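Enquirer: Return atomic coordinates for the entry below.
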Amino acid sequence: MDKAALLAAVRQDWRRLRDAPDELRGDLEVIVGALTGDPQGSVPAHSAAFEHATPGAKADLEIVRKVVGLPGKGRALRFAVQELRGNRDVVMAAVRSRASALEFATPGLRADKDLVLEAFRSILSTGRAACWLWRAKRSGRTRKWCLRRYARTGGIWSTRPRRSVGTSRWF
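Expert: The predicted structure follows:
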């Protein structure tokens with residue numbers, strides 16, 4: 001399969017990347033094509049496309065920085081090698097793209113004040129940060145506690161286990 005044909009295929013359906021030859025799965029243009037997709041494609045683009053990239057691509061600083069910096073694709077950070085998930089510049093690019101990418105950073109970076117504040121800045125327009133601050137105020141917590149909690153949990157407020165779909169507590 002040639003590069004142009006594969007590029008057209010992964011833009012239509014990102015899952016086709018997993019069956020591509022190794023030399024093309026490590027190509028930046030093909031990876032970006034799978035992540036950005038085609039608006040009229042049969043399957044919407046997803047950050048999970050990066051899972052099918054070669055191990056060399058997941059360990060390449062420039063490729064990972066470019067991938068996690070794509071709009072809305074910061075969660076692709078979870079597929080990068082551990083060393084790059086501990087790189088502050090890579091994590092900052094991911095958090096600017098998608099605040100919830102902070103969850104995949106190393107524990108030391110999840111507690112980094114600048115990264116947590118950047119995550120809050122990136123979600124202000126969605127209203128989730130306001131919701132977090134409202135919950136903190138309602139429960140008698142401070143903003144500082146709220147930021148620490150966000151950093152520790154990766155953006156998940158509740159620590160209670162969620163019920164699985166289709167179950168009822170009455171039966």
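Enquirer: contacting residues for A59?
Expert: 80-81, 83-84 (CB atoms under 8 Å, 6 or more residues apart in numbering). (C-beta placed from N, C-alpha, C; glycine too.)
Enquirer: mind redoing it with 10 Å?
Expert: 53, 80-84 (CB atoms under 10 Å, 6 or more residues apart in numbering).
Enquirer: May I see the buried residues of stretch 47-57?
Expert: By neighbour count on 16 or more other CB atoms under 10 Å, the buried set for stretch 47-57 is 47-50, 52-54, 57.
Enquirer: Please read the previous query as pertaining to stretch 33-46.
Expert: 33-37, 45-46.
Enquirer: helices and strands of this structure: which one has the lowest mean pLDDT?
Expert: helix 128-138 (a mean of 66; mean pLDDT, DSSP states H and E).
Enquirer: what's the span of stretch 6-19 from first residue to last?
Expert: Taking CA to CA, to the nearest Å, stretch 6-19 runs 10 Å from one end to the other.
Enquirer: and what of stretch 78-92?
Expert: Stretch 78-92: ends 14 Å apart by CA to CA.
Enquirer: returning to that earlier point: would you list the buried entries among the contacts of A59?
Expert: Buried among the contacts of A59 (16+ other CB under 10 Å): 53, 80, 84.
Enquirer: any idea where the strands of the protein begin and end?
Expert: With DSSP state E, there are no strands along the chain.
Enquirer: Now the residue nearest the centre of the chain. Nearest residue, chain neighbours left out?
Expert: Nearest to the mean C-alpha position of the chain, by CA atoms, centre = their mean, lies R75 at 0.8 Å. Take R75 and drop its neighbours on the chain: the residue closest to it by CB to CB, 6 or more residues apart in numbering is S47, 4.6 Å away.
Enquirer: got the contact list for the one you found?
Expert: Here S47 is in contact with 14, 34-35, 67-68, 70, 72-79, 94, 97-98, 101 (criterion: CB under 10 Å, 6+ apart).
Enquirer: make it 6 Å
Expert: Counting by CB atoms under 6 Å, 6 or more residues apart in numbering, S47 touches 73, 75-76.
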